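Engineer: Using only what follows, build the 3D model:
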Amino acid sequence: MPGVTADPVRVSTHVDAPAEVVYDLVSDVTGQHRFTEECQRSQWVHPATGPEVGAVFRGSNRNGPFRWATTSEVVSAEPGRRFRYVVRSLGAPIAEWEYLIEPGERGCEVAETVFDRRGAFMRYVVAPLATGVWDRSAHNRRNMERTLEKLRKVAEQRA
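Structural biologist: Below is the predicted model:
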């Protein structure tokens with residue numbers, strides 16, 4: 001299908017805040033809705049209470065009138081450096097999201113990357129009907145640019 005790709009999408013920005021502040025924001029899944037575009041709410045699944053490898057959380061997402069839920073598992077949690085999780089829907093992996101944080105002399109560089117893990121049927125049939133998004137890569141890029149701008153503002157206010 002034209003315009004649809006499984007290549008990773010990566011967006012980055014500079015943040016005038018310590019890497020630890022940025023990490024705390026991106027790894028606090030219960031507060032991500034403050035700066036993400038589609039995530040409306042997330043909560044840790046018992047017994048998880050925070051970002052550590054193996055912790056599971058559920059997310060409620062929205063794109064206009066479309067709403068869907070996902071379950072994610074943290075696969076990397078390196079304070080001040082990296083937060084990564086695998087997203088599942090209907091039991092199948094659909095994406096991996098990663099935040100890489102590179103500390104610098106003044107603040108840090110933050111890169112947000114999404115890896116599309118959907119199979120063809122999920123990518124071309126199920127997901128577009130469930131989310132209203134036909135070109136997920138382009139949609140994610142736009143949302144990630146907005147997300148990082150909001151994240152930057154929130155982090156800089158906290159710093």
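
Engineer: tell me the secondary structure for the nearest residue to Thr36 once chain neighbours are set aside?
Structural biologist: Of all residues beyond its chain neighbours, the one nearest Thr36 is Thr147 (5.1 Å), with distances taken as CB to CB, 6 or more residues apart in numbering. Glycine gets a C-beta too; all of them are placed from N, C-alpha and C. With DSSP: H, G, I helix; E, B strand; the rest coil as the basis, Thr147 sits in helix.

Engineer: so what's Thr147 up against?
Structural biologist: 35-37, 112 (CB atoms under 8 Å, 6 or more residues apart in numbering).

Engineer: Could you measure from the residue at minimal distance from the centre of the chain over to Glu145?
Structural biologist: Among the residues of the chain, the one closest to the centroid is Trp97, at 4.8 Å (CA atoms, centre = their mean). From Trp97 across to Glu145, the span is 15 Å (CB to CB, to the nearest Å).

Engineer: Next: Val53.
Structural biologist: Val53 is 28 Å from Glu145, by CB to CB.

Engineer: Next: Phe83.
Structural biologist: 19 Å.

Engineer: Distance from stretch 138-158 to the middle of the chain?
Structural biologist: Put simply, stretch 138-158 sits 11 Å off its chain's centre (CA atoms, centre = their mean, to the nearest Å).

Engineer: Could I get the buried residue list for that stretch?
Structural biologist: 139-140, 143-144, 147-148, 151-152, 154-155 (16 or more other CB atoms under 10 Å).

Engineer: Tell me the helix or strand right after the helix or strand of the chain with the lowest mean pLDDT.
Structural biologist: Comparing helices and strands within the chain by mean pLDDT, DSSP states H and E singles out helix 120-121 as the least confident, with a mean of 92. Per DSSP states H and E, the first helix or strand lying C-terminal to helix 120-121 is helix 127-131.
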